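[1] Requesting a structural model of the entry that follows:
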Amino acid sequence: MEGFTALYIFMLAAFTGYEVIARVPAILHTPLMSGSNFIHGVVLVGAMIALGNADTTLGKIIGFIGVMLATGNAVGGYVVTERMLEMFKSSKGEAK
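    Numbers count the residues shown, from 1 in each chain. Have a look, this model is predicted:
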């Protein structure tokens, strides 16, 4: 029953996340990305804790994959946020 409960929670979280993000106005996407980067960091810490507590080889492999995906997600979020913030910078003084 544990697997079905975890799958139910995952599906509920995915649906809720999609519905919340779909209703965000375009002007708020940059602050939303900054806030979600914090959450990605928390996910990374959780993945590292899961990897550290893994006892079996399969658990270690899944934990390692989780750490790698969470790291890529967090770093990618910061890269996207930085690019979005670059669009708002003034181009004055750049011409030489």
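[2] Going by C-alpha atoms from here, please, whenever you check contacts or count neighbours.
    OK.
[3] ok, and the closest non-adjacent residue to the residue nearest the centre of the chain?
    Centroid-nearest residue in the chain: His40, 3.7 Å away (criterion: Cα atoms, centre = their mean). Nearest residue to His40 in three dimensions, chain neighbours excluded: Ala74, at 5.1 Å (Cα to Cα, 6 or more residues apart in numbering).
[4] Identify the residues contacting the one you found.
    Residues near Ala74 by Cα atoms under 8 Å, 6 or more residues apart in numbering: 37, 40-41, 44.
[5] Show me what counts as buried in the helix or strand hosting Met68.
    For Met68, the element it lies in under DSSP states H and E is helix 57-86. Buried residues in helix 57-86, defined by neighbour count with 16 or more other Cα atoms under 10 Å: 60, 62-64, 66-67, 70-71, 73-74, 77-78, 81.
[6] Flag the shaky bits of this protein, pLDDT-wise.
    Per-residue confidence for the chain (pLDDT under 70) gives these ranges: 1, 24, 26-34, 92-96.
[7] rerun at 50
    Low-confidence segments of the chain, defined by pLDDT under 50, span residues 96.
[8] How much space separates Glu82 from Glu2?
    Distance, Glu82 to Glu2, using Cα to Cα, to the nearest Å: 40 Å.
[9] With Gly66 instead?
    Relative to Glu2, and taking Cα to Cα, Gly66 is found at 20 Å.
[10] what's the answer for Val42, then?
    23 Å.
[11] and if you look at Asn73?
    As defined by Cα to Cα, Asn73 lies at a distance of 27 Å from Glu2.
[12] same deal with Gly77?
    Using Cα to Cα, one gets 31 Å for the distance from Gly77 to Glu2.
[13] And for Gly63?
    For Gly63, the distance to Glu2 equals 18 Å [Cα to Cα].
[14] again, but for Phe88
    Distance of Phe88 to Glu2, computed by Cα to Cα: 47 Å.
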